[in-house]
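**Q** What follows is a predicted structure for the sequence shown.
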Amino acid sequence: MITSAAAPVRVTALLLAITLAPALAGAADTQQQHRVLTINSLEICSDLNNAVKIADEEDDWRLLYTFSIYTMGYLTAINRLAFDTYDMAGGKNVKAHMVWLQHYCADNPRDSFDRALFRLVAELYPQRAVTSPPAEAGRSLGR
């Protein structure tokens, strides 16, 4: 059962998985444009910068947590749709990716968060896992 507090996070992850992954895989229209569906608080890098500031100064982690969930959904969609990819993250945890995104967004506050995620995936791609580790074989939830 989805609680009312968990619903926005799950909806964000679902939207991410359905709409953003094809854009990262190179899907676009004839003018190389694609639609990005997001929620207002996750549109541009300065939104992430603001979420980090709120978490640090006010000990309110809700918005930063939303960015983390959004990022996990995005990477999961890439895992599902990208050719020859089991784990785009290459075994690294979400915190490591959030730190990378925080640095990127601090340097590029006007970039869209979609672009930041695209750059993260470009950075991760060479180290991605192309097969599941033996200990996880048969255990994948993505079947």
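**A** Cool, got the structure.
**Q** Could you look up the next helix or strand downstream of the helix or strand of the chain with the lowest mean pLDDT?
**A** Every helix and strand of the chain was ranked by mean pLDDT, DSSP states H and E. The lowest is helix 21-24, at a mean of 48. Sequence-wise, the next helix or strand downstream of helix 21-24 (DSSP states H and E) is helix 45-58.
**Q** Quick one: residues in contact with that following helix.
**A** Helix 45-58 is contacted by residues 41-42, 60-61, 63-64, 66-67, 101-102, 104-106, 108-113, 116 when judged by C-beta atoms under 8 Å, 6 or more residues apart in numbering. (Each C-beta comes from the backbone N, C-alpha and C, glycine too.)
**Q** Toward the C-terminus, what is the element adjacent to that helix?
**A** Next along the chain after helix 45-58, taking DSSP H and E as the criterion, comes helix 62-81.
**Q** hmm, back to that, show the buried residues in the contacts of helix 45-58.
**A** For those, a burial check counting by 16 or more other C-beta atoms under 10 Å picks out 41-42, 63-64, 66-67, 101-102, 104-105, 108, 111-113, 116.
**Q** least confident pick among these?
**A** Here the lowest pLDDT out of the buried ones among the contacts of helix 45-58 sits on Ser41, with 68.
**Q** Point out where this protein drops to low pLDDT.
**A** By pLDDT under 70, the weakly predicted segments of the chain are 1-29, 31-41, 135-143.
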